[in-house]
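Student: Sequence plus the predicted model coming up.
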Amino acid sequence: MKNLIEKLNKEKKLSKEEWIFLLNHQNNDLEQYAAKLAGDLYKKVYQNKVYVRALIEFTNYCKNDCFYCGIRKGNKKTARYRLSTEAILDCCERSYEAGYRTFVLQGGEDPYFTDERMIQIIASIHKLYPDCAITLSIGEKSYESYKAYYDAGASRFLLRHETYSPSHYAKLHPASLSAENRQQCLLNLKEIGYQVGSGFMVGSPYQTNENLAEDMLFIKALNPQMLGVGPYITHPDTPFFNMPSGTLHQTLFILSLLRIMIPEILLPSTTALGTLGEDGRILGIKAGANVVMQNITPKEARVNYTLYKNKERAGDIDIRLDSPFFKALKKEGYYAVTDIGDSLNT
């Protein structure tokens with residue numbers, strides 16, 4: 001099986017059948033081999049830098065009813081909140097003073113945040129912090145909306161494609177949503193000029209290795225600048241309450257393979273990894289990831305942004321660059337970088 005990883009490293013692609021075969025034969029030796037190769041590539045391209053982003057979860061309202069998500073419209077047990085523009089700007093100020101130069105605005109697809117409101121928020125941040133990057137993660141919008149946000153000052157957009165397979169997508173989402181529209185949104189974002197991030201959940205309900213193989217092929221064709229890939233974690237207040245979560249080992253293996261396939265990608269080590277294991281995010285970095293999101297959402301709101309249960313660091317978060325987490329990273333030979341940190345995958 002190592003020969004397939006070597007082929008991936010040399011040619012930067014595999015066939016669908018090769019991907020399936022490799023994923024079917026995942027084992028500890030392959031994981032370690034892929035992680036070593038991915039780590040070497042990461043250090044060659046990005047040295048030992050770990051890019052740090054300030055994450056602001058500004059609303060947990062959502063108009064959608066995705067079956068896996070804890071903030072789905074149908075979950076009546078979630079305490080809903082929206083941050084005011086002033087609260088969002090306060091988060092930016094605190095993180096800027098701490099040295100951060102990228103703000104990530106993430107939220108459910110909340111109709112309250114109209115284009116007019118989003119443009120005003122984006123423009124305010126851009127005016128106050130022109131030396132910073134503004135990343136959006138707010139779901140499916142029209143081409144015109146995406147363009148308006150871009151013109152207001154947003155330069156990056158994170159939109160996981162979730163799964164390339166239309167049939168698998170339909171098992172995870174209501175009929176009002178489609179894989180085709182999701183993918184078209186990503187193409188629109190690229191056309192407008194955003195640095196684009198896609199991605200998927202590892203171990204999501206009904207996912208097969210064939211689905212994962214198709215995801216890898218789609219990502220190779222899309223050639224995004226960023227990828228958000230983390231384990232699926234079950235939420236008890238969703239229709240999938242009795243479904244198993246994804247595993248740390250499979251997620252780390254996928255991260256390594258993605259780094260090998262696209263060495264210049266920006267690849268976060270997600271908070272979900274930290275939920276599956278105490279050192280999960282550091283293991284993600286060692287497997288090839290090179291971005292971490294530090295959640296600067298006010299605690300009273302943050303504890304209710306529960307896409308999944310037992311979210312890591314839902315309580316107090318130390319955003320200082322000399323916090324225990326960053327000291328642990330430094331001990332492993334990595335160092336935090338807070339500048340804009342654009343993707344080298346063009």
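Tutor: Okay, I see it.
Student: For residue 87, give me its contacts.
Tutor: Neighbouring residues of residue 87 by Cβ atoms under 8 Å, 6 or more residues apart in numbering: 58, 298. Where you see a C-beta, it was placed from the backbone N, CA and C, and this is true even at glycine.
Student: got it, and residue 332?
Tutor: Contacts of residue 332 (Cβ under 8 Å, 6+ apart): 282, 285, 286.
Student: now do residue 258
Tutor: 216, 219, 227, 229, 265, 267, 288 are the contacts of residue 258 under Cβ under 8 Å, 6+ apart.
Student: The fifth one contacts residue 345, doesn't it?
Tutor: This means residue 265. Yes - using Cβ atoms under 8 Å, residue 265 is in contact with residue 345, at 5.2 Å.
Student: More neighbours: those two, which one.
Tutor: residue 265 (25 against 16; other Cβ atoms under 10 Å).
Student: So for that one, what's the pLDDT?
Tutor: We have a pLDDT of 97 for residue 265.
Student: same check, this time on the one 4 residues further on
Tutor: pLDDT, residue 269: 95.
Student: for the residue nearest to it when sequence neighbours are not counted, phi and psi?
Tutor: Nearest residue to residue 269 in three dimensions, chain neighbours excluded: residue 284, at 3.0 Å (Cβ to Cβ, 6 or more residues apart in numbering). Per-residue torsions, residue 284: phi -60, psi -40 (degrees, to the nearest 10).
Student: Can you get me the centre-to-centre distance for the worst-scoring helix or strand of the chain on mean pLDDT and its chain?
Tutor: Taking mean pLDDT, DSSP states H and E as the measure, the chain has helix 299-302 as its least confident helix or strand, at a mean of 82. Relative to the centre of its chain, helix 299-302 is centred 20 Å away, using Cα atoms, centre = their mean, to the nearest Å.
Student: Would you agree residue 277 is in contact with residue 287?
Tutor: No - using Cβ under 8 Å, residue 277 is not in contact with residue 287; the gap is 12.0 Å.
Student: between the two, which one's more packed in?
Tutor: It is residue 287, of residue 277 and residue 287, that has more neighbours when counted by other Cβ under 10 Å, with 29 against 15.
Student: Find the nearest non-adjacent residue to residue 279, please.
Tutor: residue 328 (7.7 Å).
Student: right, and the helix or strand after the longest helix along the chain?
Tutor: Counting by DSSP state H, the longest helix found in the chain is helix 28-46. Of the helices and strands lying after helix 28-46 in sequence (DSSP states H and E), the nearest is strand 49-59.
Student: who does that following strand touch, helix- and strand-wise?
Tutor: Other elements packing on strand 49-59 under the criterion 3 or more Cβ pairs under 8 Å, 6 or more residues apart in numbering; DSSP states H and E are helix 85-97, strand 102-107, strand 291-295, strand 335-337.
Student: The third one versus helix 85-97: what angle between them?
Tutor: Which is strand 291-295. Inter-element angle recorded for strand 291-295 and helix 85-97: 130 degrees (by axes from the mean of the first three to the mean of the last three Cα atoms, to 10 degrees).
Student: which helices and strands does strand 291-295 pack with?
Tutor: Judged by 3+ Cβ pairs under 8 Å, 6+ apart, the packing partners of strand 291-295 are strand 49-59.
Student: and the angle from the strand it packs on to helix 85-97?
Tutor: Using the same axes, to 10 degrees: strand 49-59 against helix 85-97 is 170 degrees.
Student: Report the rounded mean pLDDT for strand 49-59.
Tutor: Mean per-residue pLDDT for strand 49-59: 95.
Student: Which strands or helices does the helix or strand following the least confident helix or strand of the chain pack on?
Tutor: Using DSSP H and E, the helix or strand that follows helix 299-302 in sequence is helix 324-331. Counting contacts by 3+ Cβ pairs under 8 Å, 6+ apart, helix 324-331 packs against helix 280-286, strand 335-337.
Student: Go through those and pick out the most buried.
Tutor: helix 280-286 (a mean of 24; mean count of other Cβ atoms under 10 Å).
Student: what about stretch 188-201, average pLDDT?
Tutor: Mean pLDDT, computed over stretch 188-201, is 98.
Student: ok now that stretch, how far from the chain's centre?
Tutor: In terms of Cα atoms, centre = their mean, the centre of stretch 188-201 is set 12 Å apart from its chain centre.
Student: Show me the residue at the heart of this protein, geometrically.
Tutor: For the chain, residue 228 is the residue whose C-alpha lies nearest the centre (Cα atoms, centre = their mean; 2.8 Å).
Student: That residue: which element?
Tutor: strand 226-231.
Student: chain center to that strand, what's the gap?
Tutor: 4 Å.
Student: on contacts alone, who are the packing partners of it?
Tutor: Using 3+ Cβ pairs under 8 Å, 6+ apart: strand 226-231 touches strand 156-158, strand 195-202, helix 248-261, helix 271-276.
Student: of all these, which lies closest to residue 25?
Tutor: Ranking these by their distance to residue 25 (criterion: Cβ to Cβ) puts helix 248-261 first, at 11.0 Å.
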